[in-house]
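# model the following, please.
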Amino acid sequence: MTHSTLWWLLAGMAIAAELASGTFYLLMLAVGLAAAAVAAHAGLDLNLQLAVAGVVGAGAVLIGRKMRQGRPAPPQASANADVNMDIGQIVHVDNWQADGRAIVKYRGAAWNASYVHDPGDSDAPTPGSYRIVQILGSELQLHKP
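All right, here's what the predicted structure looks like:
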């Protein structure tokens, strides 16, 4: 079996492991392994093939990491409108309890709700319309729109 065949097999195994684990890093290392296979096809000796695999794989990981650092982290699923269609919907609260909780009608059912205070805001919530900002279990987290 030639070196290039071994490199391609290793790259394929890294891709399969990446699909099973969902990590980003194994995919970038597979790029390095594929580069080593191309180096083997070009006739470079084993030491240069290893160097190509290391440099290209590590470089791909570093570049990918740098690109991901610039993006903000996505919100948790409980507060992400792309995951939960209830986020951002408006509900009406008739009255609040002293502890900042309420029972609201939403989608034809009674839901527990709690008020999310702004930093430095100590005012008690008043009856009115509120926006759903997060759902924790069966409790709606509400904020004044």
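# any idea how this protein splits into domains?
Recorded structural domains for the chain (assignment: automatic domain parsing) are 3-69, 77-143.
# out of those domains, which is the most enclosed?
domain 3-69 (a mean of 16; mean count of other Cβ atoms under 10 Å). Every C-beta, even on glycine, is put in place using the N, C-alpha and C of the backbone.
# what average pLDDT does it get?
For domain 3-69, mean pLDDT is 93.
# now do that domain: distance from first to last residue.
36 Å (Cα to Cα, to the nearest Å).
# oh, and call the first residue 58 from now on, that's how I've got it
Right, with 58 as the first residue, what we last looked at is domain 60-126.
# which residues touch the residue lying closest to Arg125 once chain neighbours are set aside?
Nearest residue to Arg125, sequence neighbours excluded (Cβ to Cβ, 6 or more residues apart in numbering): Phe81, at 7.6 Å. Phe81 is in contact with Glu75, Gly121, Arg125, counting by Cβ atoms under 8 Å, 6 or more residues apart in numbering.
# take the residues you listed and lay them out in a markdown table including secondary structure and distance to Ala167.
A markdown table is the format used below for these (DSSP: H, G, I helix; E, B strand; the rest coil; distance: Cβ to Cβ, whole Å):
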| residue | secondary structure | distance to Ala167 |
| --- | --- | --- |
| Glu75 | helix | 45 |
| Gly121 | helix | 47 |
| Arg125 | helix | 42 |
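# out of those residues, which comes closest to His149?
Arg125 (40.6 Å; Cβ to Cβ).
# ok, the closest one to Ser78 distance?
17 Å (Cβ to Cβ, to the nearest Å).
# quick one: contacts of the helix or strand containing Ala93?
Ala93 is part of helix 82-98 when elements are defined by DSSP states H and E. Contact with helix 82-98 is made by 59-61, 64-65, 67-69, 71-72, 74-75, 105-107, 109-118, 121, as judged by Cβ under 8 Å, 6+ apart.
# I am finished for the moment; much appreciated.
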